Every structure is written in structure tokens, then in C-alpha cells.
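Visitor: sequence below, structure please.
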Amino acid sequence: MGRKSPALIVGIIIQFICIIVAFSSFFLPIYQLKGVADTPIDGLTASSIVQLKYRSYKCNIATPIYSNATTFSYSDTPGTECLPFILPSQSMAKTSFYMNVSLATLAIGFIGSVITLLFTFIMSCHDSCRNCAMKFFAFIFSLVPFVFYLASPLVLIAITGKFHFKWDHDSSSSQSIDSSEAQFCENLWCDSFYGSKSVDIPYIGEGKMTWGPTWTWGAGIVASVLALVSSILTLCASNYRKQSHHTEHHHSSNYKYSKLINRA
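Guide: All right, here's what the predicted structure looks like:
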């Protein structure tokens with residue numbers, strides 16, 4: 001076992017951080033819809049928040065007369081718990097599809113990160129493994145998480161408009177919802193991936209609407225950058241190790257030659 005390469009050690013640390021960041025994305029909210037009233041009533045600021053995870057979403061509504069927090073799977077049809085964002089009888093199947101695609105790409109990237117970490121660790125411990133074949137495989141497996149971590153959050157941009165409730169005057173399940181409320185997402189989250197606007201919010205009153213990805217969404221971008229940096233360090237470390245070994249051999253030969261001259 002020779003002297004460890006600093007580039008490989010840094011690469012291992014970066015890859016480990018990348019895995020932690022990606023792992024957190026499996027469980028934390030990645031998208032949020034939020035409406036908050038401007039003026040508190042009876043000391044309470046009315047609000048409605050919908051937080052989306054990969055396998056479920058949570059609706060939290062708080063008003064002076066009603067408060068509730070409920071978690072749903074995407075196969076469930078909520079009642080009034082998610083108003084005004086998700087209306088009664090509204091299907092979340094389209095949203096679920098894009099969530100599953102994003103989750104699959106994240107999982108592939110995560111597996112690629114783990115394999116890359118193993119390759120890099122082996123290369124840092126054994127000089128004999130630091131050859132062209134190992135260098136190639138380590139680089140390829142570093143690019144896999146880079147590509148899929150980047151694709152995972154970008155896929156979610158396609159959920160724009162998938163919360164839209166199509167008003168149907170003939171649907172008995174829609175009669176309790178006013179048409180203006182059913183079209184409330186127009187020019188808001190139905191038309192853009194992120195943004196904010198001051199509007200008259202149904203069930204909340206005058207307030208501010210915000211919608212967009214959470215920091216967990218950005219974690220996918222961060223993980224992709226870390227994976228790319230790790231792949232570059234792996235390439236640099238391989239070249240550095242070969243040069244270092246050649247230099248050590250050259251100094252050793254000079255030392256032996258000097259001893260022979262001194263003895264003579």
C-alpha cells in the first residue's frame with residue numbers, strides 16, 4: 001500500500017456528502033404550495049399549505065374556525081383538507097406519475113454514487129487497483145449519478161399544471177365548488193413551476209400565494225455537481241499516483257547510486 005492520494009481522499013469525502021444529500025431527498029418535501037393571509041384573525045394567521053414528497057403529500061390548513069393536517073397517498077382523493085390547492089374529487093394521478101419518474105432517477109443516481117464510492121475507496125487503498133480499467137469504471141460510475149441526479153429534479157418541472165381542476169358543470173361531485181374557485185390556479189401554479197402573488201385566496205382571504213420547489217429539490221442539483229467534481233478528482237488522482245510512484249522510484253535509485261559512490 002503506497003502513499004494515499006489527497007485527490008482520492010477528497011473525492012471520497014465529496015462522494016460521501018453526495019450520498020447523504022441524495023438520501024435525504026427520499027424523505028423530505030420537494031415541492032410546496034402555500035397560501036397565507038395578510039391579516040391575522042383572533043390572533044391566528046389563516047394559511048393553507050400542501051407539501052409534496054415522492055410517495056405522499058401533506059395538507060395543512062389553519063383558519064380561525066377550522067384546523068387540520070392530513071397526509072395522503074397519491075391514490076387518495078382528498079376532501080376539503082387541501083383547499084384551495086387540491087379540490088374535492090381531484091385526481092393526483094398525473095402528479096404521481098412524474099413523482100415516480102423522478103424517484104426512479106434519484107434511486108439510480110444513488111446506486112451509482114454508492115458504487116463510485118466503493119471504486120474510489122478501493123483505488124485509494126491499493127496501488128495495484130489504480131490502473132486504466134479501474135480508472136475507467138470509476139469515471140463512468142461517477143457520471144451515472146451526475147446525469148440522474150440532474151434529471152431527477154428537472155423531471156418535476158413537468159408537474160406544472162397537474163394540480164389543475166377542470167371544471168365540469170355536469171359533475172355532481174363539483175357542485176359544492178364555485179367555478180371561480182375551481183379555476184383559481186390560473187396564472188398561478190397551473191402556469192408556472194414557481195412564483196408568488198398577492199391575491200384573494202379562497203377560504204383564506206386576502207394574502208400571498210407562493211408555490212415552487214423546496215430546498216430538497218435543489219439537493220438533486222447539488223448532488224449532481226458533487227458527483228461531477230468527484231469524477232474529475234478520480235481522474236486527477238489516478239494520474240497523480242502514477243507520477244508520484246515514478247518520482248519515488250527515481251529518488252530511490254539516486255540514493256542507492258550515491259551510497260555506492262561513497263563506499264568507493
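Visitor: contact partners of stretch 58-72?
Guide: With CB atoms under 8 Å, 6 or more residues apart in numbering as the test, stretch 58-72 has contacts from 29, 41-42, 44-51, 56-57, 78, 81-83, 85-86, 92, 203-204. Backbone N, C-alpha and C define where each C-beta goes, glycine included.
Visitor: one more time with 10 Å, if that's ok
Guide: Counting contacts by CB atoms under 10 Å, 6 or more residues apart in numbering, the residues outside stretch 58-72 that touch it are 29, 32-37, 40-53, 56-57, 76, 78-86, 92, 203-205.
Visitor: endpoints of that stretch, how far apart?
Guide: Stretch 58-72 has an end-to-end distance of 6 Å (criterion: CA to CA, to the nearest Å).
Visitor: list the buried residues in stretch 32-46.
Guide: For stretch 32-46, burial by neighbour count (16 or more other CB atoms under 10 Å) applies to Gln32, Leu33, Lys34, Gly35, Val36, Ala37, Ala46.
Visitor: tell me which element Leu33 is part of?
Guide: strand 31-37 (DSSP states H and E).
Visitor: quick one: that strand to chain centroid distance?
Guide: 20 Å (CA atoms, centre = their mean, to the nearest Å).
Visitor: next, the angle strand 31-37 makes with the helix or strand just after that strand.
Guide: Once the chain leaves strand 31-37, the next helix or strand it forms, by DSSP H and E, is strand 47-52. Here the directions of strand 47-52 and strand 31-37 differ by 180 degrees (axes from the mean of the first three to the mean of the last three CA atoms, to 10 degrees).
Visitor: what is strand 47-52 packed up against?
Guide: Counting contacts by 3 or more CB pairs under 10 Å, 6 or more residues apart in numbering; DSSP states H and E, strand 47-52 is packed against strand 31-37, strand 56-62, strand 67-73, helix 93-125, strand 205-213.
Visitor: which one of the ones you listed lies closest to Ser24?
Guide: Checking those against Ser24 by CB to CB gives helix 93-125 as the closest, at 10.9 Å.
Visitor: list the buried residues of the helix or strand just after that closest one.
Guide: Later in the chain than helix 93-125, the nearest helix or strand by DSSP H and E is helix 132-155. By neighbour count with 16+ other CB under 10 Å, helix 132-155 contains the buried residues 134-135, 138-139, 141-142, 144-153, 155.
Visitor: cool, and stretch 47-59?
Guide: By 16+ other CB under 10 Å, the buried positions in stretch 47-59 come out as Ser47, Ser48, Ile49, Val50, Gln51, Leu52, Lys53, Tyr54, Ser56, Tyr57, Lys58, Cys59.
Visitor: how near is the spatially most central residue of the chain to Phe72?
Guide: Per CA atoms, centre = their mean, the C-alpha nearest to the average position across the chain is that of Gly220, at 3.2 Å. For Gly220, the distance to Phe72 (CB to CB, to the nearest Å) stands at 23 Å.
Visitor: pLDDT weak spots in the protein?
Guide: The chain contains residues with pLDDT under 70 at 1-5, 87-91, 124, 126-135, 161-184, 187, 237-264.
Visitor: still on that earlier bit, quick one: the buried residues of stretch 32-46 as a markdown table, columns for distance to Trp211 too.
Guide: Compiled in a markdown table, the buried residues of stretch 32-46 are given as follows (distance: CB to CB, whole Å):
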| residue | distance to Trp211 |
| --- | --- |
| Gln32 | 7 |
| Leu33 | 5 |
| Lys34 | 7 |
| Gly35 | 9 |
| Val36 | 12 |
| Ala37 | 16 |
| Ala46 | 17 |
